[in-house]
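Novice: What follows is a predicted protein model with its sequence.
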Amino acid sequence: MPRIRFTSSAEADLLELWLNIAEENPVAADESLDSIQATVSLLGTQPEMGRARPELADGLRSFPTRTPYIIFYVPDGDDLLVVRVLHHARDIDVEYFS
């Protein structure tokens, strides 16, 4: 079973998205995190599912979730490193990954 790790930036992204959603609806915030975690678990078993994103960082891939958030990750041998979890409406560029 692959080991899934999160960068401190990804952990901060998840906290920020939970706090933003929870202001209006704590249950929806929990459901969003559960959905994102389910997608991360799936990527752990099939890391090549995501789209390669070499324009942002070496080895980086992205995959959408059922929420408005995109998971950015790097397959790392048998492991998966979640680098960021960003809202799809953001203008995402290389600065998010440096």
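Specialist: Okay, I see it.
Novice: Make sure residue 53 is actually in contact with residue 60.
Specialist: Yes - A contact is recorded between residue 53 and residue 60 when judged using CB atoms under 8 Å, the distance being 4.4 Å. All C-beta atoms are positioned from the backbone trio N, CA, C, and that covers glycine.
Novice: Quick check: neighbours shared by those two?
Specialist: Where contact means CB atoms under 8 Å, 6 or more residues apart in numbering, the residues bridging residue 53 and residue 60 through contact with each are residue 72.
Novice: Tell me the helix or strand right after the one helix or strand residue 38 maps to.
Specialist: According to DSSP states H and E, residue 38 maps onto helix 26-45. Scanning forward in sequence from helix 26-45, with DSSP H and E defining helices and strands, the next element found is strand 51-52.
Novice: what's the offset of that next one from the middle of its chain?
Specialist: A distance of 13 Å separates the C-alpha centroid of strand 51-52 from that of its chain, computed with CA atoms, centre = their mean, to the nearest Å.
Novice: State the mean pLDDT of it.
Specialist: When pLDDT is averaged along strand 51-52, the result is 97.
Novice: Can you name every helix or strand that it contacts?
Specialist: Secondary structure elements in contact with strand 51-52, counted by 3 or more CB pairs under 8 Å, 6 or more residues apart in numbering; DSSP states H and E, are strand 61-64.
Novice: in stretch 17-24, what counts as buried?
Specialist: For stretch 17-24, a neighbour-count test (16 or more other CB atoms under 10 Å) marks 17, 18, 21 as buried.
Novice: Sketch out the low-pLDDT regions of the chain for me.
Specialist: Residues of the chain that meet the criterion pLDDT under 70 lie in 1.
Novice: Considering the buried residues of stretch 17-24, which is situated nearest to residue 71?
Specialist: The shortest gap between residue 71 and any of those belongs to residue 17, at 11.7 Å (CB to CB).
Novice: Which helix or strand contains that closest one?
Specialist: The secondary structure element spanning residue 17 is helix 8-22 (assigned by DSSP H and E).
Novice: Now do that helix against helix 26-45, angle only.
Specialist: Note on geometry: by axes from the mean of the first three to the mean of the last three CA atoms, to 10 degrees, helix 8-22 and helix 26-45 are set 150 degrees apart in direction.
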